[in-house]
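**Q** quick check, what structure comes out for this input:
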Amino acid sequence: MTHPLFKKEIFVETAFARRFQKMLQDAWDNRSWHLLVADPGAGKTMSIRDLQKRAGGRSVLAVVAPKNNDDEQAFGDQFLAALGLPIRGHWSTRKPKLMGHLHQYGTEFLIVDDAHDLSLEHLMLLKEVTDQGRLQYDHPLGLCLVAAGRGDTIPLKETFDLPDPTWLQFRRRFDKLAPFCRVASHTSEEVRDILATLEQEYRPLLPQLRLSQWTGTIYTWLTHPVLDPTRSGRVTMDNLMKLVVTALEWSYLDGETDVAPSRLKSAAELLVLRHDTLKLIDGAGPTTLAQDQTSAEEPGVNGKEPERQTAPEKEQQNMTKTVEPAKEQVQTNTSPNCTFSGEQVPIDLKRFTDSGINLVECPRCGRMRSLSPSKGVLRFKAHTPRKQQTPLTEKRWSATGKTDWSVVEG
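**A** Residues are numbered from 1 along each chain as shown. As a prediction, the model looks like this:
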């Protein structure tokens, strides 16, 4: 059985965390607005959580952008829940009180994680609430929209560049010198520092652990094009932890006191060579998975200094060939509007109004929208297909799997 330490989430104050938290702290101190972009798996959420713990109270309020629900109510409820307030009553009566609650609890800084999922309605609510804070309470709020992205892409920029006055005003609220910022992941030297910290964390389980000596080899593996498609030469914390913890867990289960280079190489192959491989589970089941690493050869450790070693050129070429089909598949994937966009919803208007429920579920993809009658009919708003098949718990109108529309819950 594995040790609980391998399942524990460990926050390491990495170079990325220091860079990222410095931007958050400056935005908090200056009440400025920024869009912060970093690689998926860089450590954004862990760094936000650590900042919140150190801030204490409700001075820093962090929420996650709603998934599969573009309505402003879903976003507003996230803030109320983060404040610890009950979510009761109609949104029309709760919405005007939201800024008052933020003022009452002394909130000074808002962080929105997964900001790349924000809709136009969500952004409009942010503008309305923060404008109300300045006008009615003389209470300016700092704001950081934290998004995942690779390369030079700027999430939400197409929205901010719309010519409507609303978006011109929204864009004007961003910091004049650093509105859009990319926070870089880890260099080779920064990887060395992280490995030295992990040595201390896991040495109670492997007393002779010396991870730092493999910095050069690990860095080479983790900047392979599969894991670093933009060729930034930077390593994300997620990939580093997956490789190291997997190899250490194998070593611990076999009663070793240090991690062998073959273990590290096998863990790297799981991340690269088998990145898109469908694994067959048969026979004895998951207990056989730990044996995969025994088939790998040790990397060349013929007395040379480990930091100067790199993966063999032939191995790099083989790895590249293995993942080319998966890369091509990602590039050709498109997401047009759902075919139910703009369709009339055949719900009796009296039933709809009397129910007090305005949330309607798309019968094609399951995405939800708040609707209101227009010219005597209900029409479903244009939308892209629902991205994640998470359970729907809100009370809503639905016709999925039925012959008629009715109010359902859960």
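
**Q** in space, what's closest to residue 205 - neighbours in sequence excluded?
**A** With Cβ to Cβ, 6 or more residues apart in numbering as the criterion, residue 205 has its nearest non-adjacent residue at 5.2 Å, and that residue is residue 252. C-beta: built from backbone N, CA, C; applies to glycine.

**Q** surely that neighbour touches residue 4?
**A** No: in this structure residue 252 lies outside contact range of residue 4 using Cβ atoms under 8 Å: 11.6 Å.

**Q** per-residue pLDDT, residue 397?
**A** pLDDT for residue 397: 87.

**Q** re the thing from before, for residue 252 and residue 4, indicate the residue with more neighbours.
**A** Counting neighbours by other Cβ atoms under 10 Å for residue 252 and for residue 4 shows that residue 252 has the greater number, 19 against 7.

**Q** what about residue 185, neighbour count?
**A** 27.

**Q** same check, this time on residue 129
**A** As a burial measure, residue 129 scores 20 neighbours (other Cβ under 10 Å).

**Q** ok, the one 4 residues further on next?
**A** Number of residues near residue 133 (other Cβ under 10 Å) recorded here: 19.

**Q** leaving out sequence neighbours, find the closest residue to residue 336.
**A** Going by Cβ to Cβ, 6+ apart, residue 336 has residue 384 as its nearest residue, at 7.5 Å.

**Q** burial measure for the one you found, as a count.
**A** Burial of residue 384 is recorded as 13 neighbouring residues (other Cβ under 10 Å).

**Q** what separation is there between it and residue 166?
**A** Computed as Cβ to Cβ, to the nearest Å, the residue 384 to residue 166 distance reads 21 Å.

**Q** go ahead and confirm residue 386 touches residue 365.
**A** Yes: the criterion here is Cβ under 8 Å, and residue 386 meets it with residue 365 at 4.4 Å.

**Q** residue 188 contacts residue 215, correct?
**A** Yes: using Cβ under 8 Å, residue 188 makes contact with residue 215 at a distance of 6.5 Å.

**Q** give me the more crowded residue out of the two.
**A** More crowded of residue 188 and residue 215, by other Cβ under 10 Å: residue 215, with 21 against 17.

**Q** CA atoms only for the helix or strand containing that one, dumped as CSV, please.
**A** Residue 215 is part of helix 215-222 when elements are defined by DSSP states H and E. C-alpha atoms of helix 215-222 as CSV (Å, rounded to 0.1, in the frame of the first residue of the first chain):
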residue,chain,number,x,y,z
THR,A,215,18.1,18.0,-13.0
GLY,A,216,19.5,18.1,-16.5
THR,A,217,17.9,14.8,-17.6
ILE,A,218,14.5,15.6,-16.0
TYR,A,219,14.5,19.0,-17.6
THR,A,220,15.2,17.5,-21.1
TRP,A,221,12.4,15.0,-20.7
LEU,A,222,9.9,17.6,-19.6
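
**Q** which other helices and strands does that helix contact?
**A** Counting contacts by 3 or more Cβ pairs under 8 Å, 6 or more residues apart in numbering; DSSP states H and E, helix 215-222 packs against helix 188-202, helix 237-253, helix 261-271.

**Q** and that helix with helix 188-202, angle?
**A** Interaxial angle, helix 215-222 versus helix 188-202 (axes from the mean of the first three to the mean of the last three Cα atoms, to 10 degrees): 100 degrees.

**Q** and residue 186, its phi and psi?
**A** Backbone torsions of residue 186, given as degrees, to the nearest 10, read phi -100, psi 140.

**Q** distance of it from residue 238?
**A** In terms of Cβ to Cβ, residue 186 sits 11 Å off from residue 238.

**Q** the more surrounded of these two?
**A** A direct count of neighbours by other Cβ under 10 Å for residue 186 and residue 238 places residue 186 higher, at 25 against 16.
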